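Undergrad: This is a predicted model, with the sequence first.
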Amino acid sequence: MQTLLWLHQPVKLFFMKRILILIMPLVLILLAFRPVQSITVTGIVTDEKGSPLPGVSIQVKGTRAGTSAASDGTYHITVSNSNDVLVFSGPGFTSHEEKVKGRTVINVSLKQNVLMGTEVVVTAIGYGRKVKDVGYINQGYYNAPLSRTVGGEPLKGDINGYFDIDEEKPDFNREGYDKITENKFLKATDNPLSTFSIDVDAASYSNVRRFLNQGQLPPAGAVRIEEMVNYFKYEYPQPVKNEPFSINTEISDAPWNKAHKLVLIGLQGKKIPTDDLPASNLTFLIDVSGSMSGPDRIGLVKASMKLLTDQLREQDKVSIVVYAGAAGLVLAPTSGANKTKIKEAIDNLEAGGSTAGGAGIKLAYKTAKQYFVKGGNNRVILCTDGDFNVGESSDDAMERLIEEERKSGVFLTVLGYGMGNYQDAKMQKLADKGNGNHAYIDGITEAKKVLVNEFGGTLFTIAKDVKLQIEFNPAKVQGYRLIGYENRMLAKEDFNNDKKDAGELGSGHTVTALYEVIPVGIESDFLQKVDSLKYQKNVVPFSQSSQTDEIMTVKFRYKEPDGDVSKLIEHPVKDKQIAIAKTSDNFRFATSVAEFGMLLRNSEFKSNASFENVLTLARKAKANDEGGYRSEFIRLVESAQLLAKTKPAPEIDKDTEEEEVGSK
C-alpha cells in the first residue's frame with residue numbers, strides 16, 4: 001500500500017507541473033493587460049512673486065503627453081505612474097522639473113531666466129554682421145542654460161569673469177524707431193490752446209523693460225513717455241450718469257524744477273462687466289514668416305492667443321488668418337465655446353518664409369467684414385514683429401490700406417513680438433491709423449496683463465476719436481509744455497472737426513497726461529522772447545482772466561463707438577496747488593514715471609531730475625500694487641541707474657522708420 005502511495009506522488013507532481021506550465025502564459029497575458037493605476041496631478045504655476053503664470057507648458061518627460069496652465073495658472077494632467085517627471089516651461093522663464101512621487105498636488109514657482117549681474121562678453125553673428133557686446137546671461141536671449149553652458153559647451157572662465165560665447169544675438173540696429181522731437185514750452189499769450197488726441201497704448205514701457213532686462217539702455221526713439229505713464233493703472237473714480245469717463249485733475253510742484261508747476265489730467269473709462277460686453281467678431285491675424293521663428297516669437301504668440309481664447313464666451317466668434325509669403329484663412333469663424341478647436345488651430349501654426357503683410361491685412365479685414373456683427377465688437381488682432389517685406393510694405397502704402405479698411409467699422413489691435421528686427425515705428429502707424437491700440441508682448445506675463453487682466457480695455461471700445469483741448473489762463477500761466485504725446489498733437493482747428501481721427505478709449509482704461517507749467521512772474525530760459533508785433537495791439541491787461549481763480553479749462557470731445565457726431569464736455573480747473581507730499585499716489589507715481597522717461601531720453605527739459613528722486617517718489621506711491629507692476633518699475637529704475645553709469649544706449653538713431661530689404 002505504501003509502495004502504491006509512493007508511486008502515486010511523482011505522478012501527482014507531474015500533472016501539477018503540466019497545469020502550471022499551461023496556465024502561466026494566461027497569467028502573464030492577464031498581467032500585461034491589467035489596468036494601470038494612473039494619477040491625476042493638479043496644481044498652480046506662479047512666478048517668484050506668487051502671480052499666476054498662464055500658458056505655461058506642462059509635459060510628461062519623454063512622452064508627448066502634456067497640457068498648459070489656464071488663465072489663473074492652474075493645470076491638471078494625468079500621468080501613468082508615480083515615477084513620471086513633469087517638465088514646466090514658458091517663454092521668459094527657466095524650465096523646471098518635478099518628479100511626481102505619488103503626489104496629486106504639485107505647485108510650482110518658475111524663475112525668470114535673466115541673471116542680472118553676471119556679465120558675459122558675447123561675440124555673435126547677428127543678422128548679417130558680426131557683433132561683439134557685453135551683456136547679461138539670459139536663457140531666452142543667449143540660449144545659455146543655468147548650468148553655465150552654451151550650445152552644450154561649458155563657459156570658459158570664472159562666474160565673476162568674462163566668457164566668450166559664439167551665439168546669435170539681436171542686432172538692435174535693425175529695429176525701427178521714429179525720432180521724437182519733444183514738445184517745447186509755449187507762451188500762453190501766443191498759444192493759449194493745446195490740442196491732442198488721447199493715447200492708451202503701452203507698448204513703449206514693455207519694450208523699454210525688455211532693453212533694461214537685457215542690460216542695455218533703450219534708444220531715445222523707443223521712449224514714449226505718455227505710453228510709459230499709461231502702462232500703469234491709476235485709481236480714478238468711475239464716471240457717473242451716462243458719461244463714458246470721469247475727468248480728474250491735480251496740481252503740485254514739478255519735482256525736477258521747483259519753480260514750475262505740474263498739472264495732472266486723468267481720465268477713467270467706464271468699466272463694463274464682461275457679461276454685459278457686446279458679442280465679439282475677432283480675427284486673429286498672425287505673422288508666421290521666418291522672422292517669427294522661435295519660442296519668444298511664434299511660441300509666445302501661440303501662448304498669448306490661447307490666453308485670449310480662454311476669455312471668450314459662446315456668443316463670441318474667432319477666425320484665424322495667417323501670412324508669410326502669401327495669406328490664408330486657417331480657421332473659419334468658430335464660437336468661443338469651442339475652445340479646443342481654436343487652440344488646435346493655434347497649435348498647428350509654424351513659422352517660415354517671407355512676409356506679405358499687406359496681403360494678410362486685406363484678407364483679415366475681408367474676413368472680419370464678411371462676418372460683421374452689427375452693434376458688436378468687430379476687431380482684427382495683428383500679431384507680428386512688423387518686418388513686412390513682400391508686396392505693400394512701405395509706410396505710405398500700409399497707412400492708406402489701414403485708413404481705407406477702418407471705414408468698415410472694424411477696429412485694430414496690434415501686438416508686437418520679437419527683438420533685433422522689431423519695427424516699432426510701423427506698428428505705431430498701423431495702430432494709429434486703424435482706430436486701434438498697440439502693445440509690445442515681451443513675455444507671457446505681459447500677455448496675461450494685456451489679454452486677461454485688461455481684456456475689456458484692450459478689445460472693447462467705449463469712446464472713439466477722443467480729443468482734449470486745454471485753454472490756459474494767461475493771467476496765471478506764462479508758459480507750458482505737454483510731457484509726451486508728441487505723435488498725438490493736433491491743430492487747434494482739429495478739435496471741432498469730426499472728420500479728424502483721434503484715439504480710442506476702452507472699457508476700464510485710464511488715460512493720464514501731465515503739463516509742466518511756468519507761472520506768471522517766473523524768469524525762465526525755456527521761453528524765448530520775440531519782438532512786439534507791428535500790426536496787432538499788445539493788450540497787457542487780461543480783465544476777464546485776471547478775475548478768475550481758474551488756471552485752465554479742459555475740454556473733451558468724443559464719439560460713441562458707432563457714432564459720427566462728437567459730444568463735448570468742459571472741465572474748468574482751479575489754481576489750487578498742494579505740496580507734492582500731500583498729493584495722491586496717482587499723482588506721485590505718474591510723476592515718477594514721467595521723470596524716469598525724461599532721464600532715459602536725456603531730455604533737454606529734465607532740469608534737476610535724478611534717478612534717486614524717481615525712486616523716492618515711486619517707493620512712496622506703490623499703493624496697493626496689484627500684480628506687482630509698480631515694484632517691478634522700481635527695480636527697472638535701479639537697473640537703469642547702474643547702466644547709466646557704465647553702458648551707452650544701443651546705437652539706433654533714425655529720423656524715420658527704416659525699411660528692411662530682402663527676404664527673411
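TA: In hand now; what should we look at? Numbering: from 1, shown residues only.
Undergrad: Okay, and the beta partners of Q59?
TA: With beta bridges defined as DSSP bridges, Q59 has these partners: G66, V87.
Undergrad: Determine the number of other residues adjacent to it.
TA: Residue neighbour count, defined by other CB atoms under 10 Å, stands at 19 for Q59. Any C-beta I mention is one placed from the backbone N, CA and C, and that applies to glycine too.
Undergrad: And for the one 10 residues further on?
TA: Per other CB under 10 Å, the neighbour tally for A69 reads 27.
Undergrad: likewise the one 3 residues further on?
TA: Residue neighbour count, defined by other CB under 10 Å, stands at 14 for D72.
Undergrad: Now for it: which residues touch it?
TA: Residues touching D72, when contacts are defined by CB atoms under 8 Å, 6 or more residues apart in numbering, comprise 44, 52, 54.
Undergrad: can you pick the most crowded of these?
TA: The most crowded member of the contacts of D72 is P54, carrying 25 neighbours; neighbours defined as other CB under 10 Å.
Undergrad: What distance do you get for it to L300?
TA: When CB to CB, to the nearest Å is applied, the distance between P54 and L300 equals 12 Å.
Undergrad: Now list whatever residues contact both of those two.
TA: Overlap between the neighbourhoods of P54 and L300 consists of 444, 447, taking contacts as CB under 8 Å, 6+ apart.
Undergrad: what sits up against whichever strand or helix holds N248?
TA: Counting by DSSP states H and E, the secondary-structure element that holds N248 is strand 245-254. Under the criterion CB under 8 Å, 6+ apart, residues 236-240, 260-270, 462-463, 505, 516, 551, 554, 556, 558, 569, 571, 573, 575-580, 583-584, 586-587, 607 lie in contact with strand 245-254.
Undergrad: Could you identify the buried members of the residues you listed?
TA: Buried residues within the contacts of strand 245-254, counting neighbours by 16 or more other CB atoms under 10 Å: 236, 239, 260-270, 462-463, 505, 516, 551, 554, 556, 558, 571, 573, 575, 577, 580, 583-584, 586-587, 607.
Undergrad: These in strands, which ones?
TA: Secondary structure assignment by DSSP state E places 260-269, 462-463, 505, 516, 551, 554, 556, 558, 571, 573 of the buried ones among the contacts of strand 245-254 in strands.
Undergrad: any idea where the strands of the stretch 251-400 of the chain begin and end?
TA: Along the stretch 251-400 of the chain, the segments classed as strands by DSSP state E, counting those that start in this stretch run 257-269, 280-287, 317-323, 327-335, 377-384.
Undergrad: and the third one with strand 377-384, angle?
TA: For strand 317-323 against strand 377-384, the angle by axes from the mean of the first three to the mean of the last three CA atoms, to 10 degrees is 30 degrees.
Undergrad: Strand 317-323 pairs with which strands, parallel or anti?
TA: When pairs are called by DSSP bridges, strand 317-323 turns out to pair with strand 280-287 (parallel), strand 327-335 (antiparallel).
Undergrad: buried ones in the last one?
TA: Yep, that's strand 327-335 we're talking about. Result for strand 327-335 [16+ other CB under 10 Å]: buried residues 327, 331, 333-334.
Undergrad: Report the rounded mean pLDDT for it.
TA: For strand 327-335, the per-residue pLDDT values average out at 92.
Undergrad: Dump it to CSV, restricted to CA.
TA: Listed next in CSV are the C-alpha coordinates belonging to strand 327-335 (Å, rounded to 0.1, in the frame of the first residue of the first chain):
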residue,chain,number,x,y,z
ALA,A,327,-2.0,84.9,-46.8
GLY,A,328,-4.6,82.2,-46.0
LEU,A,329,-7.6,81.5,-43.7
VAL,A,330,-6.7,78.6,-41.4
LEU,A,331,-9.8,78.8,-39.1
ALA,A,332,-13.3,79.8,-40.3
PRO,A,333,-15.4,81.7,-37.7
THR,A,334,-15.7,79.5,-34.6
SER,A,335,-17.7,80.0,-31.4
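Undergrad: looking at the strands paired with strand 317-323, which is closest to S592?
TA: For those, distance to S592 was read as CB to CB. The smallest value, 35.5 Å, belongs to strand 280-287.
Undergrad: So what touches that closest one?
TA: Applying CB under 8 Å, 6+ apart, the external contacts of strand 280-287 come out as 301, 305, 312, 315-324, 331, 333, 336, 349, 355, 357, 360-361, 364-365, 367-368, 371-373, 376-385, 459.
Undergrad: Stretch 343-353 too?
TA: Counting contacts by CB under 8 Å, 6+ apart, the residues outside stretch 343-353 that touch it are 286, 288-294, 297-298, 301-302, 305-306, 309, 320, 322, 324-325, 330-331, 664.
Undergrad: Inside strands: which ones of the contacts of D72?
TA: Mapping these onto strands (DSSP E) picks out I44.
Undergrad: quick one, helices of the stretch 451-600 of the chain?
TA: For the stretch 451-600 of the chain, the helices identified by DSSP state H, counting those that start in this stretch occupy 455-459, 543-546, 585-601, in order along the chain.
Undergrad: Go through those and pick out the most buried.
TA: Across the helices of the stretch 451-600 of the chain, the average number of neighbours (mean count of other CB atoms under 10 Å) peaks for helix 585-601, which reaches a mean of 25.
Undergrad: So for the helix or strand following it, mean pLDDT?
TA: Read in the C-terminal direction, the helix or strand following helix 585-601 is helix 611-619, with elements assigned using DSSP H and E. The average of the pLDDT scores along helix 611-619 is 97.
Undergrad: among the contacts of strand 280-287, which ones are buried?
TA: Listed as buried from the contacts of strand 280-287 are 301, 305, 312, 316-324, 331, 333, 336, 349, 355, 357, 360-361, 364-365, 367-368, 373, 376-385, 459; burial here means 16+ other CB under 10 Å.
Undergrad: and T548, how far is that from E516?
TA: When distances are taken as CB to CB, T548 and E516 turn out to be 22 Å apart.
Undergrad: Run through the bridge partners of V477.
TA: P519.
Undergrad: mind listing what it touches?
TA: V477 is in contact with 188, 517-520, 551-552, counting by CB under 8 Å, 6+ apart.
Undergrad: Buried subset of these, written for ChimeraX?
TA: In ChimeraX, this line selects whichever of the contacts of V477 come out buried by 16+ other CB under 10 Å:
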select :188,517,518,519,551,552
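Undergrad: V229: which of the contacts of V477 is nearest?
TA: Looking across the contacts of V477 and measuring by CB to CB, the closest to V229 is V517, at 17.1 Å.
Undergrad: Check the burial of E243 by counting its neighbours.
TA: Neighbours of E243 under the rule other CB under 10 Å: 15.
Undergrad: Equivalent analysis for D424, please.
TA: Burial measure for D424: 25 neighbouring residues, criterion other CB under 10 Å.
Undergrad: pLDDT wise, what is it at?
TA: Here, the pLDDT recorded for D424 equals 88.
Undergrad: what residues are up against it?
TA: So, once contact is read as CB under 8 Å, 6+ apart, D424 ends up touching 175-178, 203, 207, 221-222, 386, 416, 440, 657.
Undergrad: Next: G62.
TA: Under the criterion of CB under 8 Å, 6+ apart, the contact partners of G62 comprise V85.
Undergrad: which phi and psi does it have?
TA: Here the main-chain torsion angles of G62 (degrees, to the nearest 10) amount to phi 80, psi 0.
Undergrad: gap between it and I106?
TA: G62 is 17 Å from I106, where distance means CB to CB.
Undergrad: go on, Q428?
TA: According to CB to CB, Q428 stands 43 Å off from I106.
Undergrad: Then I342?
TA: According to CB to CB, I342 stands 28 Å off from I106.
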